[in-house]
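**Q** below is the structure, and that's it, no one-letter string:
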Ligand code: ADP
């Protein structure tokens, strides 16, 4: 089968600064780098790196370079006249960051961009794109994994269609308790807990999946690697607990290099870590 990803594609501009400038002041940066980003792009890259068949529904501008997603099926990608989304990430010497996102073409993704989809396979969506596009894809009846990031109020129809909701602790605080989400029709809530792993909430049961101790250098994109691996593993036929174990390994490995896509694991790396 396959994983279909709906989400944003951004260019990430990472600027290293001694301290994050206060309003009205100027700071001279010590360095900068650019790279591909956006939750949709990162999650699709994670699935493809694991060897999964993956297509991406997204909008990009004339500036987009498809080489950044060379193993992903880009048939459904829509080219807009508006530039590709841009994330400006300021990182200070203590590792604290301040991020500004320019949505660009992502803001124009709409229900009409979502083709007729076969119901087989997994849909993985995140919320840096308009809810209407995500809702249209969810109505295909595919198994639906939603990474509610950034967290926004989710309409009842959306919640009723979600099979697996994957928030981190900050997003969960916005969305409500696992019990409330399960009562609204979500099949399972998998809360990611950083280095501690994740917790699976299902009606009547809670299971903790421990994290992995690795040489972490940058946690950017850990959640995207986790979500991509979870969708890939579910699509491959693993049950939710096993999929979450594999996803924890993927999230941990993703933190071992700087950048959201620099340390995405292959399938064999996951089993080596366990
Ligand atoms: P997000 O990146 O969305 O904030 P988390 O920080 O919870 O999400 O990370 C997602 C997953 O990545 C975690 O559930 C865990 O499996 C893995 N992970 C994140 N940070 C670490 C870390 N420092 N050490 C090991 N695993 C980590």
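**A** Received, thanks. Fair warning: this is a prediction, and the values are worked out from it, not measured in the lab.

**Q** which positions in the stretch 51-200 of the chain make contact with the ligand?
**A** For the stretch 51-200 of the chain, the residues in contact with the ligand (Cβ under 6 Å from any ligand atom) are 168, 192-195, 197-198. C-beta here means a position set from N, CA and C on the backbone, and glycine is covered the same way.

**Q** so of the residues you listed, which ones are in strands?
**A** Among these, DSSP state E puts 192, 197-198 in strands.

**Q** which single residue in the stretch 1-150 of the chain comes nearest to the ligand?
**A** Closest to the ligand within the stretch 1-150 of the chain is residue 149: 6.3 Å, counting by Cβ to the nearest ligand atom.

**Q** possible to save the ones in strands among the residues of the stretch 51-200 of the chain next to the ligand as CSV with neighbour count?
**A** Formatted as CSV, these follow (neighbours: other Cβ atoms under 10 Å):
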residue, neighbour count
192, 26
197, 21
198, 23
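
**Q** nearest to residue 87 among the residues you listed?
**A** Within those, proximity to residue 87 (Cβ to Cβ) peaks at residue 192, which comes in at 20.0 Å.

**Q** what sits against residue 240?
**A** 164, 188, 190, 200, 202, 234 (Cβ atoms under 8 Å, 6 or more residues apart in numbering).

**Q** try it again at 6 Å.
**A** For residue 240, the contact set (Cβ atoms under 6 Å, 6 or more residues apart in numbering) comprises residue 188.

**Q** so what's the backbone phi/psi at it?
**A** phi -60, psi -40 (degrees, to the nearest 10).

**Q** circling back to that earlier point, need the ones in strands among the residues of the stretch 51-200 of the chain next to the ligand in CSV (columns: distance to residue 86).
**A** Converted to CSV, those look like this (distance: Cβ to Cβ, whole Å):
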residue, distance to residue 86
192, 26
197, 32
198, 30
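
**Q** which of these lies closest to residue 254?
**A** Ranked by distance to residue 254 (Cβ to Cβ), these are led by residue 192 at 11.8 Å.

**Q** beta partners of that closest one?
**A** Counting by DSSP bridges, residue 192 is bridged to residue 168, residue 198.

**Q** just give me the closest of the ones in strands among the residues of the stretch 51-200 of the chain next to the ligand to the ligand.
**A** Nearest to the ligand among these, with distances taken as Cβ to the nearest ligand atom, is residue 192, at 3.2 Å.

**Q** in terms of pLDDT, where does the closest one sit?
**A** Listed pLDDT for residue 192 reads 98.

**Q** what do you get for residue 271?
**A** At residue 271, the model reports a pLDDT of 85.

**Q** does it sit in a helix, a strand or a coil?
**A** Secondary structure for residue 271, judged by DSSP: H, G, I helix; E, B strand; the rest coil, is helix.

**Q** quick one: it and residue 233, what's the gap?
**A** Using Cβ to Cβ, to the nearest Å, we find residue 271 at a distance of 12 Å from residue 233.

**Q** quick one, which of these two is more surrounded?
**A** Neighbours were counted for residue 271 and for residue 233 using other Cβ atoms under 10 Å; residue 233 has more, 25 against 10.

**Q** give the helix, strand or coil label for the closest residue to that one other than its chain neighbours.
**A** Nearest non-adjacent residue to residue 233, counting by Cβ to Cβ, 6 or more residues apart in numbering: residue 243, 3.6 Å away. Three-state call for residue 243 (three-state DSSP): helix.

**Q** neighbours of residue 243, how many?
**A** Residues contacting residue 243 under the criterion other Cβ under 10 Å number 24.

**Q** please, which helix or strand holds residue 158?
**A** helix 156-161 (DSSP states H and E).

**Q** need the contact list for the spatially closest residue to residue 75 that is not a sequence neighbour.
**A** Spatial nearest neighbour of residue 75, excluding adjacent residues (Cβ to Cβ, 6+ apart): residue 55 at 6.4 Å. Neighbouring residues of residue 55 by Cβ under 6 Å, 6+ apart: 4, 73, 76.

**Q** for whichever strand or helix holds the first one, packing partners?
**A** When you say that, I think you mean residue 4. Following DSSP H and E, one finds residue 4 within strand 3-6. Helices and strands touching strand 3-6, as assessed by 3 or more Cβ pairs under 6 Å, 6 or more residues apart in numbering; DSSP states H and E, comprise helix 39-49, strand 54-57, strand 122-126, helix 222-235.

**Q** cool, thanks, signing off.
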